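Q: This is the structure alone, sequence omitted:
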């Protein structure tokens, strides 16, 4: 018989159940300073201060914001894009590292929970990159490092997939917070894993995708996915998307008129906040840079669950079961602990 799985951590305190948190959330829609981690982090720090100055206690940034998204995977063949991959790797961040410390300091100074996407260099390989979402608590503690489980389509040329160890809901002062990157919000089981851990606030981070197929409307796609998660789970969702700056167009397209036209496509970015009824809270932002603010009252998650609570009475756990392997996946496992210092071989016996 299988041993029972560990009890999930308590993500909502008794006080938060008696008096559910009310706060202002901010979704940042902005472009990075392309392939410049230090300058992009400096921009993020300024945006954190701006959003906090307007009362935000949760500030969500786009996917892969530091130092940008590998658009060349969509506009160049793999051989042409390979030098760009090296540029991205050299411009990416280490965890821990000075760029992470700067973001932690900014969150602590703002007194706000910050979610931000970075390109993370893997510690075990000179070349591995992860699409990673960071969650930083209001005291500056790095409480979440989630690596995107499956890079989408052409992204597989750049990013290594993560594992289930970071599919966690974090207890914070603003309530139980879960995070997914871009296409992960299409993964029903990943979303259910967060909901089943008590998620009430969902951060969804995206990139502007003007390189999608001609009949694909990125703004609509983001809105549909976000509304679906909010309505299904009876949760609030904060969705933040990057934008395409002229700098990015110049870097990727150069003099190629067709690629420039492609990267200038409208309705490629959408940021906003959704309530547990699946409707937007305030006006969303499409394409342009800016910050969307919305008031969140977690008490509004209670009554809708009387009708549909898919992690409670509106499910059949005797019929459906989800098993999640949340073990960290390592490239190598040793069968026993080896000594840290070499052991000198025994001297040969005198003949």
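A: Yes, it's here. Just so we're clear, the structure is a prediction, and the values are computed from it rather than from any experiment.
Q: Quick check: which element contains residue 272?
A: Using DSSP states H and E, residue 272 maps to strand 270-274.
Q: who's in contact with whatever helix or strand comes next after that strand?
A: Per DSSP H and E, strand 270-274 leads on to strand 285-286 as the next helix or strand towards the C-terminus. Residues from elsewhere that reach strand 285-286 (CB atoms under 8 Å, 6 or more residues apart in numbering): 27, 29, 219, 267, 269-272, 292. The C-beta positions use only the backbone N, C-alpha and C, and glycine is treated the same way.
Q: picking that back up, just checking, what packs against the strand holding residue 272?
A: Here strand 270-274 touches strand 22-29, helix 218-233, strand 236-241, strand 285-286, strand 290-297, going by 3 or more CB pairs under 8 Å, 6 or more residues apart in numbering; DSSP states H and E.
Q: And the nearest residue to residue 160 once chain neighbours are set aside, what's its pLDDT?
A: Distance criterion CB to CB, 6 or more residues apart in numbering; nearest residue to residue 160, sequence neighbours excluded, is residue 128 at 5.2 Å. pLDDT recorded at residue 128 is 97.
Q: surely residue 40 meets residue 65?
A: Yes. Residue 40 is within contact range of residue 65, at 6.6 Å (criterion: CB atoms under 8 Å).
Q: ok, residue 159 - contacts?
A: 129-131, 148, 151.
Q: between these, which is closest to residue 44?
A: Closest approach to residue 44 among the contacts of residue 159 (CB to CB): residue 131, at 16.6 Å.
Q: pretty sure that closest one is in a helix, no?
A: No. Residue 131 is assigned strand when assessed by DSSP: H, G, I helix; E, B strand; the rest coil, not a helix.
Q: ok, back up a step: and the strand holding residue 272, how far from the chain's centre?
A: In this view, strand 270-274 has its centroid 15 Å away from the chain centroid, taken as CA atoms, centre = their mean, to the nearest Å.
Q: what separates residue 59 from residue 292, distance-wise?
A: Applying CB to CB, to the nearest Å, the value for residue 59 to residue 292 is 11 Å.
Q: who's more crowded, the two?
A: Higher neighbour count among residue 59 and residue 292: residue 59, with 30 against 24, using other CB atoms under 10 Å.
Q: so that one touches residue 103, yeah?
A: No. With contact defined as CB under 8 Å, residue 59 does not reach residue 103; the gap is 10.7 Å.
Q: quick one: common contacting residues for those two?
A: Common neighbours of residue 59 and residue 103 (CB under 8 Å, 6+ apart) are 48, 114.
Q: Surely residue 238 is in contact with residue 291?
A: No. Assessed by CB under 8 Å, residue 238 is found out of contact with residue 291, at 11.3 Å.
Q: Kindly check the end-to-end length of stretch 50-62 for me.
A: Stretch 50-62 stretches 16 Å from its first residue to its last (CA to CA, to the nearest Å).
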